[in-house]
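K.L.:
Give me coordinates for this.
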Amino acid sequence: MQFDTKVALVIRSELAVWQKLNVAAFLATGVAAAFPEAIGEPYEDASATAYHPLLGQPILIYGADAAALTRALERALARGVKPAVYTEAMFTTTHDAANRAAVKAVARGNLALVGLGFRAERKVIDKVVDGLKFHG
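P.N.:
Okay, the predicted model is just below:
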């Protein structure tokens, strides 16, 4: 199935595996929260066990270094795409309010980005992630 939109996460490649997974999970929730219409229907198995709904389209995950993350952020903002963001400082916090404060304390150009999440029209996301490879 071809979707009109694309969901993409860009994760800094040199992170530890647990950090990559943590960042991807947080960014996916940011995208889902921003686009509730993208959430599918709840699941149910043949035993009638109910499960939560999921995002209704694939999430593409790209790897990047710090410079490529900054470039993707600037490309997104230039195209009117609001991202979900995760910074290095957020690894040291223990709750949501502290995460927001850690981001608020740093100007955009100085953010130590470790991950970004986007959902927008396919062609727009393709331009935002141009040159990036899928995360290996």
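K.L.:
Look at the residue of the chain positioned farthest from its centre and tell me its secondary structure.
P.N.:
Farthest-out residue of the chain from its mean C-alpha position, per CA atoms, centre = their mean: S47, at 33.5 Å. Recorded secondary structure, S47: coil (DSSP: H, G, I helix; E, B strand; the rest coil).
K.L.:
neighbouring contacts of stretch 80-91?
P.N.:
19, 23, 26-27, 29-31, 34, 73, 76-77, 99, 102-103, 105-106, 111-118, 120, 124-125, 128 (CB atoms under 8 Å, 6 or more residues apart in numbering). (Glycine included, C-beta is placed from N, CA and C.)
K.L.:
run the last query once more with 7 Å
P.N.:
19, 23, 26-27, 30-31, 73, 76, 99, 102-103, 111-118, 120, 124, 128 (CB atoms under 7 Å, 6 or more residues apart in numbering).
K.L.:
Give me the subset of those residues that lies in strands.
P.N.:
Counting by DSSP state E, the contacts of stretch 80-91 place 113-118, 120 in strands.
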